[in-house]
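J.: structure, please.
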Amino acid sequence: MRKLNFLIVLAGVSFILGFVSVAAAQEKELTVTSVGAVKYPSKPKKADVDLFFSTMPSKPYDVIAQVSGSIVGEPKAILRARARKVGGDAVIISDLTTKIESEAAKLGINQRSRPADITPNYTPGYSYKVYTVKGQIIKYKD
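T.: This is a model prediction of the structure:
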């Protein structure tokens with residue numbers, strides 16, 4: 001019984017650590033580069049941030065940062081959070097592509113390998129969406 005409880009706790013910890021590593025990957029591969037000398041204060045977490053995919057804002061604006069890179073997770077939420085961090089009002093997304101990556105490919109495991117021999121934490125069949133994004137963070141002119 002103790003062994004079963006230990007295995008359940010171990011599985012739960014591994015599951016949570018998997019989410020933590022994915023959350024870290026979300027932010028690590030996305031680059032935000034400020035444009036210009038003016039630095040704006042961060043916005044509150046609940047502040048609205050508009051997203052533009054196929055349309056342009058109707059209000060006049062200044063570009064305050066360029067954003068590019070890869071996102072693992074929900075791109076809308078991550079882009080809004082990064083825009084808030086630099087004081088942006090909106091993000092104009094000029095390019096957004098999606099691909100599915102498997103954990104096996106990330107680890108360099110091919111079909112003939114025995115994953116358990118390479119890494120004991122490998123879960124066969126695990127895959128995730130990777131979004132590649134390019135765009136601009138903007139600040140509306142008053």
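J.: use CA for all of it now, contacts and neighbours both
T.: Will do.
J.: quick one: average pLDDT of the strand or helix carrying Lys129?
T.: Counting by DSSP states H and E, the element that carries Lys129 is strand 127-140. On average, the pLDDT along strand 127-140 is 89.
J.: ok, Gly73 - how many residues close by?
T.: 17 (other Cα atoms under 10 Å).
J.: okay, Glu29 and Ile92: tell me how far apart.
T.: 19 Å (Cα to Cα, to the nearest Å).
J.: revised request: answer the last question for Val38.
T.: Counting by Cα to Cα - Val38 and Ile92 are separated by 19 Å.
J.: next: Thr31.
T.: 15 Å.
J.: and the two? which has more neighbours close in?
T.: Ile92 (21 against 16).
J.: bridged to the more buried one, which residues?
T.: Listed beta-bridge partners, Ile92: Phe52, Gln136 (assigned using DSSP bridges).
J.: you'd agree it is up against Phe52?
T.: Yes - using Cα atoms under 8 Å, Ile92 is in contact with Phe52, at 4.8 Å.
J.: residues near Ser54, how many?
T.: For Ser54, using other Cα under 10 Å, the count is 9.
J.: with Gly69 instead?
T.: 17.
J.: how about it, secondary structure?
T.: The three-state label given to Gly69 by DSSP: H, G, I helix; E, B strand; the rest coil is strand.
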